[in-house]
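K.L.:
Turn this into a structure:
(one chain, ligands or ions: 1)
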Amino acid sequence: MSTARTPPAHVAIIMDGNGRWAQQHLRPRAFGHKAGRVAVDRVVTACAKVGVKTLSLYAFSTENWRRPPHEVKILMELIETALREEAEKMRKNDIRLRVLGDRTPLSASLCNAIDEAEALTADGTRMNVVLAINYSGQWALCETARRLAQAVARGELQADTINESDFAAHRPMPDLPPVDLLIRSSGEMRLSNFHLWELAYAELWFTDVLWPDFGEAQLDAAFAAYHHRDRRFGALSHT
Ligand code: FPP
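P.N.:
I've put the predicted structure just below:
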């Protein structure tokens, strides 16, 4: 993979297309999700190698509960197994793993795997991997609003002076940086309720490649496109 230029600091990925990939291979959807997990490994390794500082992966959205119970169970088990199997490798590679999302409806054993993986990798400084599980951008915005309201009720904040920094500081993961590059696989061009606050000035990059086939070639292409974007953040171009 090309390492010539500084990569985007925060890369967020909507990993889409596992089901269609499985269908193309005449296999059950679970086969696609398992192949999707292998792609996650590839992408974590590649991003750490080139110096990405934060990698956010949308593993399970609050809307994914609408899938058949059998598929939800498979996804939850796959995520739990991945957490248990990958945490030690991440620790060795100096990678910190954190899970973002509402843990209330998650099983005790998945919560336990999350707690263990987070504790094991807590000292990682090379790259942050943020795994979004039972997450949606709207959930994060509502959670932030609740926290702000509680801070106002406690007298710590004045409602009429709440600004963007106060808002950012009350998010479920207050130190989550703005997304620089959002990648979505499988040809769909939607945000699907991912990091709504953090995506404000993200560059968007879409590929038709299905998630299980995603790898270094696609990351290279995404980063190359990113480096050609003129990021003005509402100001004027330097050129
Ligand atoms: C979208 O494909 C993918 C998901 C809803 C789940 C993402 C999960 C993984 C990549 C597996 C493992 C994850 C980790 C973090 C170990 P889809 O099922 O919507 O595909 P389709 O649109 O083709 O049906």
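
K.L.:
Going by C-alpha atoms from here, please, whenever you check contacts or count neighbours.
P.N.:
Will do.

K.L.:
Residue 193 contacts residue 140, doesn't it?
P.N.:
No: between residue 193 and residue 140 there is no contact under Cα atoms under 8 Å: 9.9 Å.

K.L.:
neighbour-wise, which of these two wins?
P.N.:
residue 140 (23 against 16; other Cα atoms under 10 Å).

K.L.:
And the more buried one, what's its pLDDT?
P.N.:
Residue 140 carries a pLDDT value of 98.

K.L.:
and what of the one 4 residues further on?
P.N.:
In the prediction, the pLDDT value recorded for residue 144 is 98.

K.L.:
now residue 4
P.N.:
Listed pLDDT for residue 4 reads 62.

K.L.:
ditto for residue 196
P.N.:
Residue 196 carries a pLDDT value of 98.

K.L.:
show me what contacts it?
P.N.:
Shown in contact with residue 196 (Cα atoms under 8 Å, 6 or more residues apart in numbering): 137, 138.

K.L.:
try residue 55
P.N.:
For residue 55, the contact set (Cα under 8 Å, 6+ apart) comprises 10, 11, 12, 13, 44, 47, 127, 128, 129, 130.

K.L.:
just to confirm, which helix or strand has it in it?
P.N.:
strand 54-61 (DSSP states H and E).

K.L.:
How about residue 150?
P.N.:
Using DSSP H and E, residue 150 maps to helix 137-153.

K.L.:
Give me every residue in this protein lying close to the ligand.
P.N.:
The chain comes close to the ligand at residues 15-20, 33, 36-37, 59-60, 79, 82, as judged by Cα under 6 Å from any ligand atom.

K.L.:
For ChimeraX, write the selection for the buried entries among the residues you listed.
P.N.:
Remark: buried members of these, expressed as a ChimeraX selection using 16 or more other Cα atoms under 10 Å:
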select :15,16,17,18,19,20,33,36,37,59,60,79,82
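
K.L.:
farthest-separated two in the residues of the chain next to the ligand?
P.N.:
Pairwise distances among the residues of the chain next to the ligand were taken by Cα to Cα; the largest, 21.6 Å, belongs to 20 and 82.

K.L.:
Help me confirm that residue 203 comes into contact with residue 191.
P.N.:
No: using Cα under 8 Å, residue 203 is not in contact with residue 191; the gap is 12.0 Å.

K.L.:
Please identify which of the two sits among more neighbours.
P.N.:
residue 203 (19 against 15).

K.L.:
Now the residue lying closest to that one once chain neighbours are set aside. Its backbone dihedrals?
P.N.:
Leaving aside its sequence neighbours, residue 203 sits nearest to residue 181 (Cα to Cα, 6 or more residues apart in numbering; 4.8 Å). Reported as degrees, to the nearest 10, the phi and psi values for residue 181 are phi -140, psi 120.

K.L.:
ok, now the one 10 residues further on?
P.N.:
The phi and psi torsions at residue 191 (degrees, to the nearest 10) take the values phi -90, psi -20.

K.L.:
That one and residue 162, how far apart?
P.N.:
27 Å (Cα to Cα, to the nearest Å).

K.L.:
And residue 169, by the same measure?
P.N.:
Taking Cα to Cα as the measure, residue 169 falls 11 Å from residue 162.
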